[in-house]
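> what follows is a predicted structure for the sequence shown.
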Amino acid sequence: MLEIIAVTSLVVLVPLVAFLVYAATRPNVLSVERSLRISAPPEAIFPFINDFRRWVAWSPYEKKDLTMKRTLNGAKQGRGAVYAWDGNQEIGQGSMEIMESTPPSRIEIELRFVRPFQGVNTVVFTLEPGGDSTAVTWSMSGKSTYMTKLIGIFINMDKMIGNDYEAGLSSLKAIAEQEAKQPAAV
């Protein structure tokens, strides 16, 4: 009887330990990046990113929970602007603060998650003009916790977050190009 229990334990424990060890060997950094070319100058796109009040128009996360609670603090835009949210299970709770704003080419944001998991990441938007359009890149990087590594075995984080970034960039493209077509106010 003891032999059966010992063999059964080994059959269960060895794969479990191997799985946990494998998770520990996964990359220590989570990094996601997507880019899109927008037919508008950087000066027309930059304000949509640099002002959290304007994220409602294009951010994919705004559409995932229409009843989300939002709080804006600090500067109205640029460095020191803070956006906090508390939403459903899909978007969780956290905050963003613009740490660096270099018009019209770069915005760096500290992204803090409270739930469903705690974490801090750096988000960077870069806008690079080229001809009659601008390449907008949305990237995020941060430490990959052990829990993130475990989840990453089952869920492709690059694809999951990347799909959101692609949707957001597409929405940003639509509104920025539409605004760029409007005649300038006199």
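Everything's here; your move. Numbers count the residues shown, from 1 in each chain.
> hey, let's count contacts and neighbours off CA atoms from now on
Will do.
> contacting residues around Arg53?
Contacts of Arg53 were listed using Cα atoms under 8 Å, 6 or more residues apart in numbering, and they are Leu72.
> distance of the closest residue to Lys76 other than its chain neighbours relative to Pro60?
Here the nearest residue to Lys76 in space, its sequence neighbours aside, is Asp51; by Cα to Cα, 6 or more residues apart in numbering that works out to 6.8 Å. The gap separating Asp51 from Pro60 is 16 Å, by Cα to Cα, to the nearest Å.
> same thing with Lys143?
Here the criterion is Cα to Cα. By it, Lys143 lies 23 Å from Pro60.
> then Ile175?
The span separating Ile175 from Pro60 equals 13 Å under the rule Cα to Cα.
> what do those two both touch?
By the contact definition Cα under 8 Å, 6+ apart, Ile175 and Pro60 are jointly contacted by no residue.
> tell me which of those two has more neighbours.
Relative neighbour count places Pro60 above the other of Ile175 and Pro60, with 20 against 16, counting by other Cα atoms under 10 Å.
> residues contacting the more buried one?
Contacts were defined as Cα under 8 Å, 6+ apart; by that measure Pro60 touches Asp164, Tyr165, Ala167, Gly168.
> in a helix, the first one, correct?
When you say that, I think you mean Asp164. Yes: the assignment for Asp164 by DSSP: H, G, I helix; E, B strand; the rest coil puts it in a helix.
> name the nearest residue to it, ignoring sequence neighbours.
What sits nearest to Asp164 in space, not counting adjacent residues and going by Cα to Cα, 6+ apart, is Pro60, at 6.0 Å.
> so what's the closest residue to Ser39 other than its chain neighbours up against?
Counting by Cα to Cα, 6+ apart, the nearest residue to Ser39 once its immediate chain neighbours are dropped is Ser133, at 4.2 Å. Taking Cα under 8 Å, 6+ apart as the criterion, Ser133 is in contact with Arg37, Ile38, Ser39, Ala40, Pro41.
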